[in-house]
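> can't give you the sequence, but here's the structure:
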């Protein structure tokens, strides 16, 4: 299993500002995933953060808007840049179960952002 | 395109009763995994149960079981003896084998009534 801590748990932000979300895992993992969960909707993968290389972004998400850092095997950050009200969402960090190609995803508690 | 559909946005069940949440998916893959995740009001998602597509036997975890119909691409979750702590949003998810991709359904909000 993996224990994931995310900070902040929630924040209220002003339009045009940027916010960085931190994700800390209690074990070393190769890939970390950032998801967005818009109000009343499902989870959408934003990007995959790989240690030592640039993040891989899904269609509809770009690095300029969601820059990601992955300085080591237990930590990642996601920045939401130049925020607008449409960015109001829960942002979730997740990792796969260590040692399995396809297995359970472990999630952080999420960061609820409200953009005014 | 691979999709996951949960046709029941909200459901309710009396405590101790049984409830079934439906999920259908669309894929051309032959090898894949299916999951049910639970997201309580505290927001942390946890795995409820998982099913490998190559296994014909339906997965069971205590009060939770699935009815996996591969030909029909259906993957329903049955919760027996419902408890108040089962109140949560339930997401069905699909993942092709040998990938890190997960496709989630839109969720079913389940409320267990005392």
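Yep, it's here. Note that the coordinates shown come from a computational prediction; the quantities given were computed from them, not determined experimentally.
> which parts of chain A sit against chain B?
Contact residues (C-beta under 8 Å from any C-beta of the partner chain) of chain A with chain B: A:31, A:33, A:41-45, A:48, A:90, A:92, A:94, A:96, A:101-105, A:107-110, A:112. All C-beta spots, glycine's among them, are computed from the backbone N, C-alpha and C.
> quick check: ChimeraX command selecting the buried ones in those residues.
Buried members of these, identified by 16 or more other C-beta atoms under 10 Å in any protein chain shown, are gathered into one ChimeraX selection as follows:
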select /A:31,33,42,43,44,45,48,90,92,94,96,102,104,105,107,108,109,110,112
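> for chain A, what is the nearest residue in chain B?
Relative to chain A, the nearest point of chain B is residue B:45 (4.1 Å; C-beta to the nearest C-beta).
> in this structure that residue contacts residue B:39, no?
Yes. Using C-beta atoms under 8 Å, residue B:45 makes contact with residue B:39 at a distance of 4.8 Å.
> in strands, which of the residues of chain A next to chain B fall?
In this view, these that belong to strands under DSSP state E are A:31, A:33, A:43-45, A:48, A:90, A:92, A:94, A:96, A:105, A:107, A:112.
> circling back: more neighbours, residue B:45 and residue B:39?
residue B:45 (25 against 21; other C-beta atoms under 10 Å in any protein chain shown).
> the more buried one - nearest residue in space that isn't next to it in sequence?
Among residues not flanking residue B:45 along the chain, residue A:107 sits closest, at 4.1 Å (C-beta to C-beta, 6 or more residues apart in numbering or on different chains).
> in contact with that neighbour, which residues?
Applying C-beta atoms under 8 Å, 6 or more residues apart in numbering or on different chains to residue A:107 gives the contacts A:4, A:92-94, B:44-46.
> mind running it again at 7 Å?
A:4, A:92, A:94, B:44-45 (C-beta atoms under 7 Å, 6 or more residues apart in numbering or on different chains).
> in JSON lines: those residues, plus distance to residue A:69 and pLDDT.
Putting the contacts of residue A:107 into JSON lines (distance: C-beta to C-beta, whole Å; pLDDT from 0 to 100) gives the following:
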{"residue": "A:4", "distance to residue A:69": "16", "pLDDT": "93"}
{"residue": "A:92", "distance to residue A:69": "17", "pLDDT": "95"}
{"residue": "A:94", "distance to residue A:69": "17", "pLDDT": "95"}
{"residue": "B:44", "distance to residue A:69": "23", "pLDDT": "86"}
{"residue": "B:45", "distance to residue A:69": "23", "pLDDT": "90"}
